[in-house]
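> coordinates for the following, if possible.
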Amino acid sequence: MQKSGLASLAIFYFDFREDRKKHVSGLLSSILFQLCDRSDSYHDVLSAFYSAHRNGAESPSNDELVQCLMDLLNHPEP
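Residues are numbered from 1 along each chain as shown. Prediction:
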C-alpha cells in the first residue's frame, strides 16, 4: 500500500511535560498536520476547515477535529 501511495503514517508522542500534548485536541491537530504536510490532495479539505474557523481565529471542538480527520481519510487520492 505504501508504494502505491495508499498508506499514511502519523506519530504522536504523549509528553505530559507539555500542556498541549495533554489533550485530545493536541493529538488530533498533530495528526491532521502530519497527514496534510505529506499530501497535496488534502489541501482543499484542510483549507475549508481552516476557513470555517475564521482562518484560525476560532478553535475547533474535538468533534470538529475528528470530523476533519474523517473527511481527510475518506478523501480520494488523485
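> measure the residue nearest in space to the middle of the chain to Asp71 for me?
For the chain, Leu32 is the residue whose C-alpha lies nearest the centre (CA atoms, centre = their mean; 1.2 Å). As defined by CB to CB, to the nearest Å, Leu32 lies at a distance of 10 Å from Asp71. Every C-beta, even on glycine, is put in place using the N, C-alpha and C of the backbone.
> list residues touching both of the two?
Both Leu32 and Asp71 lack any common contact, where contact means CB atoms under 8 Å, 6 or more residues apart in numbering.
> elements contacting the strand or helix carrying the residue nearest to the centre of the chain?
Taking DSSP states H and E as the criterion, the element that holds Leu32 is helix 24-37. If contacts are counted by 3 or more CB pairs under 8 Å, 6 or more residues apart in numbering; DSSP states H and E, helix 24-37 sits against helix 43-52, helix 62-74.
> weakest of these in terms of mean pLDDT?
Lowest mean pLDDT of the helices and strands packed on helix 24-37: helix 43-52, a mean of 89.
> and that one, what does it pack onto?
helix 24-37, helix 62-74.
> circling back to that earlier point, got the contact list for the residue nearest to the centre of the chain?
46, 65, 68-69, 72.
> tell me which residues of stretch 15-32 come out buried.
For stretch 15-32, the neighbour count (16 or more other CB atoms under 10 Å) marks 26-32 as buried.
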